[in-house]
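Student: Got a predicted structure here, sequence first:
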Amino acid sequence: TAEFGRVRVGIGRPEPGEAAAERVLAEAVPEESVALADAVARAAGAVCCIILEGPGPAMNRYNVRPRPATDASA
C-alpha cells in the first residue's frame, strides 16, 4: 500500500444522540460560517507548509489547538 499524507479539518463534536456522519454531511449553520472559513484557511496554510517545508514543520505549526479569542476591551 502506498503511504500518503492527509490534512484533517475539525468540525466539532456531534450533539448527544447525533451520528458523526450526520454532523459531517449536514450544511453548516450561519453561526458556524466564520469558524468554517477559518478552518479552511488554516488547512490551506497547512498544505502549503507541507509542500514547501515538509510534514514535520507543518505538524509543529498547525497541529495545535487554537487559543480562544480574548476580549481586548476587558
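Tutor: Perfect, thanks for sending it.
Student: what about stretch 26-46, average pLDDT?
Tutor: Computed over stretch 26-46, the mean pLDDT rounds to 88.
Student: buried residues in that stretch?
Tutor: Buried residues in stretch 26-46, counted by 16 or more other Cβ atoms under 10 Å: 39, 46. Quick note: C-beta positions are derived from backbone N, CA and C, even for glycine.
Student: Equivalent analysis for stretch 50-62, please.
Tutor: Along stretch 50-62, these residues count as buried under the neighbour rule (16+ other Cβ under 10 Å): 50, 58.
Student: which residues sit against that stretch?
Tutor: Contacts of stretch 50-62 from elsewhere in the structure, counted by Cβ atoms under 8 Å, 6 or more residues apart in numbering, are 5, 7, 42, 45-46, 49.
Student: can you dump the C-alpha coordinates of it into CSV?
Tutor: As requested, C-alpha coordinates have been extracted for stretch 50-62 and formatted as CSV (Å, rounded to 0.1, in the frame of the first residue of the first chain):
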residue,chain,number,x,y,z
ILE,A,50,3.7,20.6,3.9
ILE,A,51,4.7,21.3,0.3
LEU,A,52,7.3,23.9,1.0
GLU,A,53,8.8,22.8,4.3
GLY,A,54,7.7,19.2,4.8
PRO,A,55,5.3,17.4,7.2
GLY,A,56,7.4,17.8,10.3
PRO,A,57,7.4,21.7,10.4
ALA,A,58,3.7,21.6,9.3
MET,A,59,2.7,19.4,12.1
ASN,A,60,4.6,21.6,14.6
ARG,A,61,3.0,24.7,13.3
TYR,A,62,-0.6,23.5,12.6
